[in-house]
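Q: My questions are about this predicted structure, shown below with the sequence.
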Amino acid sequence: MNMEDNQQENRSDGLDIIAAKRCLRQEIKERLKTLTEEECQKADREIGERLFGLEAWREADVVFCYVSTGREVDTSTIIARALEEGKRVGVPLCTAPGVMEVRQIEGAESLIPGLYGIPEPKRDCPLIDPEEIHLAVVPGLSFTADGFRLGYGGGYYDRYLPRVSGLKLALCREKCLSSQLPTEPHDMPMDGVLTEHSTWISFHSVKV
Ligand SMILES: Nc1nc2c(c(=O)[nH]1)N(C=O)[C@@H](CNc1ccc(C(=O)N[C@@H](CCC(=O)O)C(=O)O)cc1)CN2
Ligand SMILES: Nc1ncnc2c1ncn2[C@@H]1O[C@H](COP(=O)(O)OP(=O)(O)OP(=O)(O)O)[C@@H](O)[C@H]1O
């Protein structure tokens, strides 16, 4: 095969992966619709308990957590508990397509409706640098049991997380786990995945 054919092949592979991701996002959204409100609340409570039981949670002074919206695993209790425990809590602020930063909040009063309708920190909230984050709680539509992630397709976390050296933990209801996910070179595996039934932490990560 000559070089041009090879490049052509890589290009079509890349497009296939993007199409496969798009297709899977739809499939997971359909799967999510089959869960009742009560089932989601129960699962989310159990996921939270697993998180609070981790040494990594207890030891983290700076926590970066998404502000849940729609059918995502609810993080309101997680954020409230972190603040109660005196942790510094940062949440995402989208600043450009695919680019986000993390701003420190003091509570719900620090949030206003942002891009995509997701509550975001007000612009005067202080910046938290990625190197300061001890624990990142990461959203996603689906994860594999060993930490690969399917997000919403904005590339925000893919660009941000490589700068975070702290532990990266995914929250995922069991129903949304996938046995395999299409991945691109920029997709970064998580250090752990918490579901209502299981806690998986990578052997490579410390302090669990
Ligand atoms: N609660 C929460 N906050 C978050 C995220 C998140 O996943 N959850 N993000 C995580 O990144 C960032 C926002 N990311 C977003 C990424 C894409 C789309 C979006 O509109 N996606 C298209 C689908 C694109 C495709 O399929 O290729 C859509 O839903 O129509 C919205 C938000 C930052 N804040
Ligand atoms: N580090 C990166 N550098 C350049 N482009 C990137 C990077 N990460 C992602 N992208 C691009 O952003 C787009 C979305 O990526 P992907 O489908 O992996 O997003 P996602 O992880 O589902 O989204 P999110 O992180 O916002 O939830 C893709 O076109 C991808 O090529």
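A: Looks like it came in fine. Ligands and ions are numbered 1, 2, ... in the order given.

Q: Residue of this structure closest to ligand 2, please.
A: Closest approach between the chain and ligand 2, counting by CB to the nearest ligand atom: residue 151, at 2.1 Å. Every residue, glycine included, has its C-beta placed from N, CA and C.

Q: Quick one: residues contacting the closest residue to that residue other than its chain neighbours.
A: Once flanking residues are discounted, residue 151 sits nearest to residue 140: 5.2 Å by CB to CB, 6 or more residues apart in numbering. Contacts for residue 140 (CB atoms under 8 Å, 6 or more residues apart in numbering) come out as 149, 150, 151, 157, 170, 172.

Q: and residue 135, backbone torsions?
A: phi -140, psi 130 (degrees, to the nearest 10).

Q: what about it, distance to ligand 1?
A: For residue 135, the distance to ligand 1 (CB to the nearest ligand atom, to the nearest Å) stands at 17 Å.

Q: surely that residue meets residue 55?
A: No. Counting by CB atoms under 8 Å, residue 135 stays clear of residue 55, with 10.7 Å between them.

Q: helix or strand for residue 41, which one?
A: Using DSSP states H and E, residue 41 falls within helix 37-52.

Q: Now that helix: average pLDDT?
A: Here helix 37-52 scores 98 as its mean pLDDT.

Q: Let me know whether it sits next to ligand 1.
A: No. Applying CB under 6 Å from any ligand atom, one finds helix 37-52 separated from ligand 1 by no less than 13.3 Å.

Q: next SSE after that helix?
A: helix 55-59.

Q: Can you give me the buried ones in that following helix?
A: Buried positions in helix 55-59, judged by neighbour count with 16 or more other CB atoms under 10 Å: 56, 57.

Q: ok, now stretch 184-191?
A: 187, 188, 189, 190, 191.

Q: Could you report the neighbour count for the closest residue in space to the second one that isn't next to it in sequence?
A: The shortest distance from residue 188 to any residue that is not its chain neighbour, by CB to CB, 6+ apart, is 5.1 Å, and that residue is residue 161. Other residues lying near residue 161 total 21 when counted by other CB atoms under 10 Å.

Q: Residue 33 now?
A: 9.

Q: who are the neighbours in contact with it?
A: residue 71.

Q: Would you check how far apart it and residue 195 are?
A: 19 Å (CB to CB, to the nearest Å).

Q: Flag every residue of the chain that's near ligand 2.
A: So the chain meets ligand 2 at 21, 98, 150-159, 184, 186-187 (CB under 6 Å from any ligand atom).

Q: could you pull out the strands for this protein?
A: In the chain, the segments counted as strands under DSSP state E are 62-65, 88-96, 99-105, 111-113, 119-121, 127-128, 135-138, 142-144, 149-150, 167-171, 177-178, 192-194, 199-201.

Q: Output these in TSV; the columns should cover mean pLDDT and mean neighbour count.
A: What follows is the strands of the chain, written out as TSV (pLDDT from 0 to 100; neighbours: other CB atoms under 10 Å):
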stretch	mean pLDDT	mean neighbour count
strand 62-65	98	24
strand 88-96	97	19
strand 99-105	98	19
strand 111-113	97	13
strand 119-121	98	21
strand 127-128	98	16
strand 135-138	98	25
strand 142-144	97	23
strand 149-150	97	24
strand 167-171	97	26
strand 177-178	97	19
strand 192-194	97	25
strand 199-201	95	17
